[in-house]
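**Q** Predicted model and sequence follow; I will ask about them next.
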Amino acid sequence: MRLILLAAMAPLLVGCSKTDPIENLVARLSSNHFWENGEYPNLGLPATASTEQVVSRVFQMIGFDRGHVTSHKILKVREVHIPGSLPDIYTAVLVETNFGKKIVILKYVRESVGWWSRVYD
């Protein structure tokens, strides 16, 4: 009986695993509070800028070993809680690029600072 029950529950347990890339990244960043440190580009965008505008500007301003992202499509946008500096609410954006999938983490800080951003594979 136990074997039948376990066999019936196996698909449910597999379905509950963290396969969502945003969830995986949030879990990883939540365990290390140094991820916010370092420089980030001054995007020069107002707080009212759309997510698409902010992501586009991030990819214009930063480069990777293979160059700059030349095409991208936003797949998912979600507000996430990552412990760290306060406030610790960020926008996570899953993006398909010409370099594969990336996750852009965004937060508008204040007028004198502008948009804070990080890009992860």
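**A** Great, that's in hand.
**Q** List the residues that contact Arg78.
**A** Ile22, Thr91, Ala92 (CB atoms under 8 Å, 6 or more residues apart in numbering). The C-beta positions use only the backbone N, C-alpha and C, and glycine is treated the same way.
**Q** Now do stretch 101-118: distance to the chain's middle.
**A** Distance of stretch 101-118 from the chain centroid (CA atoms, centre = their mean, to the nearest Å) equals 10 Å.
**Q** What average pLDDT does that stretch get?
**A** What stretch 101-118 shows for mean pLDDT is 94.
**Q** The residue nearest to Ile62 when sequence neighbours are not counted: neighbouring residues, count only.
**A** Closest residue to Ile62 apart from its sequence neighbours, by CB to CB, 6 or more residues apart in numbering: Pro41 at 6.0 Å. Other residues within reach of Pro41, judged by other CB atoms under 10 Å, total 14.
**Q** any idea how far Val80 is from Pro41?
**A** Computed with CB to CB, to the nearest Å, the distance linking Pro41 and Val80 is 21 Å.
**Q** ok, back up a step: nearest to Ser50, of the contacts of Arg78?
**A** Ranked by distance to Ser50 (CB to CB), the contacts of Arg78 are led by Thr91 at 11.0 Å.
**Q** What's the first helix or strand after the helix or strand hosting the closest one?
**A** Under the criterion of DSSP states H and E, Thr91 resides in strand 89-97. Following strand 89-97 in sequence order, the next helix or strand is strand 100-110 (DSSP H and E).
**Q** which parts of that next one are buried?
**A** Applying a neighbour-count criterion of 16 or more other CB atoms under 10 Å, the buried positions in strand 100-110 are Lys102, Ile103, Val104, Ile105, Leu106, Lys107, Tyr108.
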